[in-house]
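Engineer: Sequence and predicted model, in that order:
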Amino acid sequence: MKKNVFNRITPLALAIILGIGIGFFFIQGRVNVEEKEIDITLLATSDIHGRFMPWDYASDEPNLEGSLTQLQTLIKEVREENPHTILLDAGDTIQDNYAEVFNDQSLSPLMVAMNEMGYDAWALGNHEFNFGLDELEKITSQYKGPKLAGNSYKENGERFLPAYTIIEREGIKIGIIGMVTPMVTEYEKDTDHLDGVVIKNVIEETKKAVAELDGKVDAIIGLVHMGLENELGVPETGVKDIANAVPELDAVFAGHDHVLIEKEEVNGVLVTEPNRYGTHLSRIDLTFQHQGDHWVLQAKDATVIPVVAADGSIAESDKELETLLKPYHDIARAESNKVIAELKGTDLVPKDVIKGIPTVQIQETPLTDFLHEVMLYYSEADVVAHQIDNDQASLDRGPIRKKDIGHNYQFADGDVSVYRVTGKELKEYMEWAAGYFNTARSGDVTISFDKSRRSAEEGTNDIFGNVKYEIDLREQSGHRIKHLRKLDGTPIKSDDQLTLGMNSDRMEFLRSKGELFEGKKFKKIWASQDESAYGATEGSIRNLAIHYLQQVQKGEYKPDLQTNWRIVGIDTESADYSAVVYLANKGIIEIPSTKNGKGTNIESINVTDPISKPMVKKLALKANVSEEPFAEVKTTGDFYQKLAQVLKESESVKK
């Protein structure tokens, strides 16, 4: 039997051994604490604009590209991955997509959703101020978390809203500084929506907030309803200027610009922006290490999480949140289905002649004339322009519901702003718009679209009203607008002074870097969304169209085709064209598209090109006919005519 070793150790020796062991334990413990790392994840949304459910209420159609309920699924996944997660929003939440329907009700679905999702802070955007301070207080008071807008002040010098909040996770304190774009004063200049509120310099207020947070937090994050670049060239209205002036910021969640910025570093400050309409989450990961008695930020990174992944998979809508929001969903849909007028006489959009080539994009339609009619009535401009961004636009005779307007004019932000332009500038704009089409080759029998323009996120096929013109596709881009004149036939000269009514976003795009009117200034003389006109909500083209049908047309509308423009240079009268129409509608001839299908009708069908034997074999097989009748054909046109004839004869025999 072994003797207990402790029997041979004197009490003094035992005390020494135990002391050394305890000392080692505490030393080891301290080392572990000092080496301990914790990751904090911050998620941010911005520019949700009423997308609480995956639904476009203006058109009463599902929209799975983004919503709070889909973001909730992604947020839950991140929280499961890292319990130390903070959720933020950078503003423009309570306006658009019928969110205004709930302004006079007890609860807004956006506030219900944000509370349920556990948002830790919300920096207000400019659109939060669209309805005045009383409405702002009524809606935002429903939100349970801190609301931020540090550059907003009361006239007595007190802050209107806090500049920051401190959020703690695992003993780590994160300072969140919230700011609204200084341009809100410009947007609301003709309203009383900011009465009693002063918007101050955003850089100075950010510096002030940083100073107030000094020594209180372990990291500082900006939650800023501003884009990366200065807006309209106005200094200190962009995140870049803030980052360059306030390098104490560790990172910034941007918003307002409706763009996707995965990660950009400015003066050591990390910047990310989650696009718009709930399509993405911006994510910032911070790694802290415990040193001494405080935490030190060791690393930071940013990325974005899409609702629609690169492989096409779509984030599911969270069922629990959907159930909570269902009553509001039903209210918004009921509003969308209200009948506002009766359409008489003719349908607003003729049926497509060729499947895959949308008629609404290649010729004048009663729909485009109607929208021009609305714009001209309210703006009193000499010329108006708009774009149709829905290839499936349609409205048949019968009841017109609110949703029909949203379906056919899908740009929710569309307004009418009137600018002073010359005849030369108008023609330059029209030439830019006509660049949407491909130049016609000899033998082309279909109108097709420029691949890059067609594949772009937003439509750029602008159509012009209250003027007559032709687009000659035989000419190169920049030289296609022919016979430009007023409706009475008077030619429009280069030095003519005109008023042009158009969407303000389009004008700012054309004035942006690298575009048609880069840096050029145009005098704006009227805007439908000014409070002196119809306001931010009622001044949208959608709502003006509804008002026009109800109040001006007294609930009944009969289209009157203006016959003011057309495309020339494509032969649509030949037998070759008729054969192409027949074969394309049978699915034998395919309308060329990009591989991902985003860009459709990107190449014209030509009838003078040589036809190869493999092509004859392929299309004959597709048509389920023998190749023999086509042995002597030389051109695509000859083949198309012969193939159409064979098929029609076969159909006749079967009958």
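Structural biologist: All right, it came through fine.

Engineer: Now do the buried residues in stretch 429-436.
Structural biologist: Judged by neighbour count (16 or more other Cβ atoms under 10 Å), stretch 429-436 contains these buried residues: 429-436. For every residue, glycine as well, the C-beta is placed using N, CA and C.

Engineer: and if you look at stretch 399-417?
Structural biologist: When burial is assessed from 16+ other Cβ under 10 Å, stretch 399-417 yields the following buried residues: 400-412, 414-417.

Engineer: okay, how far is it across it, tip to tip?
Structural biologist: Using Cα to Cα, to the nearest Å, the gap from the first to the last residue of stretch 399-417 comes to 30 Å.

Engineer: If you average the pLDDT over it, what comes out?
Structural biologist: Stretch 399-417 carries an average pLDDT of 93.

Engineer: can you start the count at 4 instead of 1 from here on
Structural biologist: Yes, from this point I'll number from 4; that puts the last item at stretch 402-420.

Engineer: The buried residues of stretch 402-420 in helices, which ones?
Structural biologist: Where the buried residues of stretch 402-420 overlap with helices, as defined by DSSP state H, the overlap consists of 405-411.

Engineer: Show me which of those is closest to Gly148.
Structural biologist: Closest approach between these and Gly148, by Cβ to Cβ: Gly409, at 31.5 Å.

Engineer: Identify the residues contacting that closest one.
Structural biologist: Contacts for Gly409 were tallied using Cβ atoms under 8 Å, 6 or more residues apart in numbering; they are 59-63, 339, 415, 545.

Engineer: just Val419 next, same as before
Structural biologist: By Cβ under 8 Å, 6+ apart, the contact list for Val419 reads 378, 381-382, 384, 387, 504-506, 530-531, 542, 544, 547.

Engineer: And for Asp350?
Structural biologist: Going by Cβ under 8 Å, 6+ apart, Asp350 touches 369, 397-400.

Engineer: hang on, isn't Pro250 packed against Val272?
Structural biologist: Yes - the pair formed by Pro250 and Val272 meets the contact definition of Cβ atoms under 8 Å, at 6.4 Å.

Engineer: As a check, name the ranges of all helices in the stretch 554-658 of the chain.
Structural biologist: 578-588, 616-626, 639-657 (DSSP state H, counting those that start in this stretch).

Engineer: Mind checking the pLDDT average for the first one?
Structural biologist: Taken as a whole, helix 578-588 has an average pLDDT of 97.

Engineer: buried residues in it?
Structural biologist: 579-580, 582-587.

Engineer: helices and strands around it, which ones?
Structural biologist: Packed against helix 578-588, as judged by 3 or more Cβ pairs under 8 Å, 6 or more residues apart in numbering; DSSP states H and E, are the following elements: helix 639-657.

Engineer: Could you list every helix and strand in contact with the helix it packs on?
Structural biologist: For helix 639-657, the elements it packs on are helix 578-588, helix 616-626, judged by 3+ Cβ pairs under 8 Å, 6+ apart.

Engineer: Val352: which of those is closest?
Structural biologist: Val352 sits nearest to helix 578-588 of all the helices and strands packed on helix 639-657, at 17.5 Å, using Cβ to Cβ.

Engineer: starting at the chain centroid, how far to the closest one?
Structural biologist: 37 Å (Cα atoms, centre = their mean, to the nearest Å).

Engineer: relative orientation of that helix and helix 639-657 in degrees?
Structural biologist: Here helix 578-588 runs at an angle of 60 degrees relative to helix 639-657 (axes from the mean of the first three to the mean of the last three Cα atoms, to 10 degrees).

Engineer: what residues does helix 578-588 touch?
Structural biologist: Counting by Cβ under 8 Å, 6+ apart, 356-359, 448-449, 574, 592-594, 608, 610, 626, 640, 643-644, 646-647, 650-651 sit against helix 578-588.

Engineer: Give me the buried entries from those residues.
Structural biologist: Of the members of the contacts of helix 578-588, the ones counted as buried by neighbours, 16+ other Cβ under 10 Å, are 357, 359, 448-449, 592, 594, 608, 610, 626, 640, 643-644, 646-647, 650.

Engineer: picking up where we left off before, tabulate the buried residues of stretch 432-439 (TSV), appending distance to Lys524 and pLDDT.
Structural biologist: Supplementary listing: these in TSV, determined by distance: Cβ to Cβ, whole Å; pLDDT from 0 to 100:
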residue	distance to Lys524	pLDDT
Tyr432	15	98
Met433	20	98
Glu434	20	98
Trp435	18	98
Ala436	21	98
Ala437	24	98
Gly438	23	98
Tyr439	26	98
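
Engineer: Tell me which residues touch the closest residue to Lys454 other than its chain neighbours, please.
Structural biologist: Computed as Cβ to Cβ, 6 or more residues apart in numbering, the closest residue to Lys454 that is not its neighbour in sequence is Ile605, at 4.4 Å. Taking Cβ under 8 Å, 6+ apart as the contact definition, Ile605 lies against 441, 451-454, 457-458, 595-597.

Engineer: Check Ile605 and give its pLDDT.
Structural biologist: 96.

Engineer: Low-confidence bits of the stretch 554-658 of the chain, can you list those?
Structural biologist: Across the stretch 554-658 of the chain, the stretches falling below the confidence threshold (pLDDT under 70) are 657-658.

Engineer: actually the chain, sorry about that
Structural biologist: Checking the chain against pLDDT under 70 turns up 4-38, 657-658.

Engineer: Who are the contact partners of the residue positioned nearest the centre of the chain?
Structural biologist: Compute the mean C-alpha point of the chain, and by Cα atoms, centre = their mean the closest residue is Arg279, 5.1 Å away. With contacts taken as Cβ under 8 Å, 6+ apart, Arg279 has the following neighbours: 49-52, 69, 261.

Engineer: got it, and Ala318?
Structural biologist: Residues touching Ala318, when contacts are defined by Cβ under 8 Å, 6+ apart, comprise 73-74, 76-77, 310-312.

Engineer: Narrow these to those in helices?
Structural biologist: Secondary structure from DSSP H places 73-74, 76-77 of the contacts of Ala318 in helices.

Engineer: Ranking by neighbours, what's the top pick from those residues?
Structural biologist: Leu74 (28 neighbours; other Cβ atoms under 10 Å).

Engineer: follow-up on the earlier one: could I get the helices and strands packed on helix 639-657 as TSV with distance to Asp95?
Structural biologist: Rendered in TSV, the data for the helices and strands packed on helix 639-657 read as follows (distance: least, Cβ to Cβ, whole Å):
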stretch	distance to Asp95
helix 578-588	43
helix 616-626	50
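
Engineer: returning to what we had before: looking at Pro250 and Val272, which has the bigger crowd around it?
Structural biologist: The residue with more neighbours, out of Pro250 and Val272, is Val272; 23 against 13, by other Cβ under 10 Å.

Engineer: And for the more buried one, nearest residue in space, chain neighbours not counted?
Structural biologist: Nearest to Val272 is Ala246, by Cβ to Cβ, 6+ apart, at 3.8 Å.

Engineer: Distance from the chain centre to stretch 85-103, please.
Structural biologist: 15 Å.

Engineer: and what of stretch 328-346?
Structural biologist: 23 Å.

Engineer: send the alpha carbons of the helix or strand harbouring Ile287 over as CSV?
Structural biologist: For Ile287, the host element (DSSP states H and E) is strand 283-294. Listed in CSV are the C-alpha atoms of strand 283-294, where the atom choice follows Å, rounded to 0.1, in the frame of the first residue of the first chain:
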residue,chain,number,x,y,z
HIS,A,283,-30.3,43.9,-48.3
LEU,A,284,-28.9,44.0,-44.8
SER,A,285,-25.6,45.8,-44.1
ARG,A,286,-23.4,44.0,-41.7
ILE,A,287,-20.4,45.3,-39.7
ASP,A,288,-18.4,42.9,-37.6
LEU,A,289,-16.2,44.3,-34.8
THR,A,290,-13.6,42.2,-32.9
PHE,A,291,-12.6,43.4,-29.4
GLN,A,292,-9.8,42.2,-27.2
HIS,A,293,-9.7,42.8,-23.4
GLN,A,294,-6.6,44.6,-22.4
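
Engineer: Could you spell out the sheet neighbours of that strand, each with its direction?
Structural biologist: Looking at strand 283-294 with DSSP bridges, its partner strands are strand 40-48 (antiparallel), strand 297-309 (antiparallel).
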